[in-house]
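Provided below are the primary sequence and the corresponding predicted coordinates.
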Amino acid sequence: MLKNLIKTAVRHILKHFGYSVLNILGLTLGITSAIFLIIYVSDEVSYDRYHEKADRIYRVSTTIKEPDDQFTWIFAQIPFGPQVAHDYPEVQSFVRFINMPRALYKYEDKQFNEENFYYVDSTLFDIFSYKVLKGEVKSALLGPKKIILTEKIANKYFGKTDPIGKTLTTGTDTYEVTGVIKDVPTNSHFRFDAIAARNNLPKQLGSWGNFGVFTYLLFPKNFDVKPFETKMQGMYDAYMKTIFRPLNISITYHLESLTRIHLFSTNAQEPEPTGSYTYVYIFAIVAIFLVLIASMNYMNLATARSARRAREVGLRKVVGSR
């Protein structure tokens, strides 16, 4: 039966070639266009959701109000992370990304300028879910002069050889490669090429007047961050009032959900290009309409010509078809 149906379909297409091409092409173009839009929408809403604890991670941003200006930075001060975790038990953990200065790194005869390397706290892998490919990473974030590379950077310096135990030199500093992680996925609001321990920097680093650090906080499951966001404004009176109030400067902190940063942030300082939730909604609706229109167009054309196949249908019924 199936063989007969296929044979009949081929004969019908060849006999009514113009109609068949128009009908099939219309349906194909509609569905294909909808699939492309769905892929785009799926990618946009997938940003940072590969982290196991994505719904519990929030980035700290800062609004600074001066006498004649007001602006928002996606950074916090250097002491903010450890202090907020110490003062508020609601914060389970924190991690900061402190940018390494742009520098020339060398391995044997290979040397490259790198500007996307970061110092991070030892809690990084307790909060974020980056995939480890080689070596051991957690201990590397506890001791100095150790570095973890992404797969791309490891291949750039070491090729196909095992990079574990080898060293990268920059200036007077030498870092031992102790681990390799998979490249940070492209659907991430923030990407880096290598990380080293925060312990490589002086213990007393920066003050409440030094901004420029990406700071992320981890909260318990199903935690309501809105009341806490109001509560943590008390850090201004506790640690910054004596510095900023004489200058008539006020500081307000905000918590941005990790999974909302890409689509909802409008800050020009974002390290990666952002998207737009408006476009996502529009394209999703357009995709649905494309499928509906293409389907209705196909059905209308098929129904309009159904009378021409009445004899074929009748004969099939006579020989037992349902």
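Looks like it came in fine. Numbering: from 1, shown residues only.

state the mean pLDDT of stretch 64-78.
The average pLDDT within stretch 64-78 is 91.

tell me which residues in it are buried?
If you call a residue buried by 16 or more other Cβ atoms under 10 Å, then stretch 64-78 has these buried ones: 72, 74, 75, 76, 77, 78. For glycine as for every other residue, the C-beta is placed from the backbone atoms N, C-alpha and C.

quick one: it to chain centroid distance?
Relative to the mean C-alpha coordinate of its chain, stretch 64-78 is positioned 25 Å out (Cα atoms, centre = their mean, to the nearest Å).

now do it: distance from first to last residue.
Using Cα to Cα, to the nearest Å, one end of stretch 64-78 lies 16 Å from the other.

what does it contact?
The set of residues external to stretch 64-78 that reach it, using Cβ atoms under 8 Å, 6 or more residues apart in numbering, is 59-63, 96, 98, 205-215, 247-254, 256, 265, 267, 269-270.

what's the domain layout of this protein?
2-46+277-318, 57-264 (automatic domain parsing).

most neighbours per residue, which of these?
Neighbour counts (mean count of other Cβ atoms under 10 Å) averaged over each of the domains of the chain peak at domain 57-264, with a mean of 16.

average pLDDT across stretch 305-321?
79.

likewise stretch 264-283?
pLDDT averaged over stretch 264-283 gives 92.

which among the buried residues of stretch 64-78 gets closest to residue 227?
residue 76 (19.5 Å; Cβ to Cβ).

phi, psi of the closest one?
The phi/psi pair for residue 76 (degrees, to the nearest 10) reads phi -130, psi 170.

quick check on residue 224: phi, psi?
According to degrees, to the nearest 10, residue 224 has phi -90, psi 110.

whoops, I mixed them up, residue 144
The phi/psi pair for residue 144 (degrees, to the nearest 10) reads phi -80, psi 160.

ok now do it, which residues does it touch?
Per Cβ under 8 Å, 6+ apart, neighbours of residue 144: 197, 199, 200.

likewise residue 252?
62, 63, 65, 233, 236.

let's see it at 10 Å
Residue 252 makes contacts with 61, 62, 63, 64, 65, 70, 72, 229, 233, 236, as judged by Cβ atoms under 10 Å, 6 or more residues apart in numbering.

how far away is residue 188 from residue 144?
Plainly put, residue 188 is 27 Å away from residue 144 if you go by Cβ to Cβ, to the nearest Å.

for residue 67, same thing?
Taking Cβ to Cβ as the measure, residue 67 falls 43 Å from residue 144.

among the contacts of residue 252, which two are most distant?
70 and 229 (18.1 Å).

who's residue 170 bridged to?
Beta-bridge partners for residue 170, by DSSP bridges, are residue 173.

so what pLDDT did it get?
90.

cool, and residue 23?
pLDDT for residue 23: 80.

next SSE after the helix or strand containing it?
Secondary structure from DSSP states H and E places residue 23 in helix 17-45. For helix 17-45, the following helix or strand on the C-terminal side (DSSP H and E) is strand 57-66.

can you tell me which of the domains of the chain has the worst average pLDDT?
When I compare these, domain 2-46+277-318 is least confident, with a mean of 84.

what segments of the stretch 101-250 of the chain are strands?
Per DSSP state E, counting those that start in this stretch, the stretch 101-250 of the chain carries strands over the ranges 103-107, 110-114, 117-120, 132-135, 146-150, 167-170, 173-181, 194-197, 214-218, 250-257.

adding distance to residue 33, write those out as JSON lines.
Shown next, in JSON lines, are the strands of the stretch 101-250 of the chain (distance: least, Cβ to Cβ, whole Å):
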{"stretch": "strand 103-107", "distance to residue 33": "46"}
{"stretch": "strand 110-114", "distance to residue 33": "41"}
{"stretch": "strand 117-120", "distance to residue 33": "40"}
{"stretch": "strand 132-135", "distance to residue 33": "38"}
{"stretch": "strand 146-150", "distance to residue 33": "35"}
{"stretch": "strand 167-170", "distance to residue 33": "47"}
{"stretch": "strand 173-181", "distance to residue 33": "37"}
{"stretch": "strand 194-197", "distance to residue 33": "41"}
{"stretch": "strand 214-218", "distance to residue 33": "38"}
{"stretch": "strand 250-257", "distance to residue 33": "32"}
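
which among those strands is found nearest to residue 55?
Among those, strand 250-257 comes nearest to residue 55, with 7.6 Å by Cβ to Cβ.

roughly how far is that closest one from the heart of the chain?
21 Å.

what lines up beside it in the sheet?
strand 57-66 (antiparallel).

what helices and strands are in contact with the helix holding residue 23?
Judged by 3 or more Cβ pairs under 10 Å, 6 or more residues apart in numbering; DSSP states H and E, helix 17-45 is in contact with helix 2-15, helix 261-264, helix 277-304.

who wins for proximity to residue 32 among those?
Comparing the helices and strands packed on helix 17-45 under Cβ to Cβ, the one sitting nearest is helix 277-304, at 9.2 Å.
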